[in-house]
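> Structure, please.
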Amino acid sequence: MKRILLVCAAGMSTSLLVNKMNDAAKAKGIDIDIVALPISECSKAAEEVDVVLLGPQVRYQKAQVDSIVAGRVPVEVIEMRAYGTMNGSAILDRALKLIG
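Next comes the predicted model:
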């Protein structure tokens, strides 16, 4: 099972996105585990995931997350339009593409 970590300032806005992404995964028949956490808890979960996606509001902390994962997994800032419209399907597709 693939695991996706969504990171934002407090973990609240990404919680809604987790639901949208889970709905999209279910519709596509994909078994996936998606977790949303605040940036302060990112290091705890980063070792157990296949990709880390940052909310646009914490894009300035990408370098910090990059250093936490040390190149083990892809780290990317979620595209602002997809995030703003909570397009779970598009964000899920991007995460899966990053995982490979």
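> all strands for this protein, in order.
2-8, 32-38, 51-54, 75-77 (DSSP state E).
> How about residues contacting the shortest one?
Identification of contacts with strand 75-77 by Cβ atoms under 8 Å, 6 or more residues apart in numbering yields 51-56, 59, 62, 65-66, 69, 94, 98. Quick note: C-beta positions are derived from backbone N, CA and C, even for glycine.
> Pick the most deeply packed of the strands of the chain.
The highest mean neighbour count among the strands of the chain, using mean count of other Cβ atoms under 10 Å, belongs to strand 51-54: a mean of 25.
> Residues in contact with that one: which ones?
Outside strand 51-54, the residues touching it (Cβ under 8 Å, 6+ apart) are 2, 4-8, 42, 46, 61-62, 65, 69, 73-78, 91, 94-95, 98-99.
> again, only this time at 7 Å
Residues from elsewhere that reach strand 51-54 (Cβ atoms under 7 Å, 6 or more residues apart in numbering): 4-7, 46, 61-62, 65, 69, 73-78, 91, 95, 98-99.
> That strand pairs with which strands?
strand 2-8 (parallel), strand 75-77 (parallel) (DSSP bridges).
> Now distance to Asp23 and mean pLDDT too, for those, in a markdown table please.
Shown next, in a markdown table, are those (distance: least, Cβ to Cβ, whole Å; pLDDT from 0 to 100):
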| stretch | distance to Asp23 | mean pLDDT |
| --- | --- | --- |
| strand 2-8 | 14 | 94 |
| strand 75-77 | 21 | 97 |
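> Give me the below-cutoff pLDDT ranges for this protein.
Across the chain, the ranges flagged by pLDDT under 70 are 11-12.
> let's go with 80 and repeat that
10-13, 44 (pLDDT under 80).
> Go through the protein and flag its longest helix.
helix 13-28 (DSSP state H).
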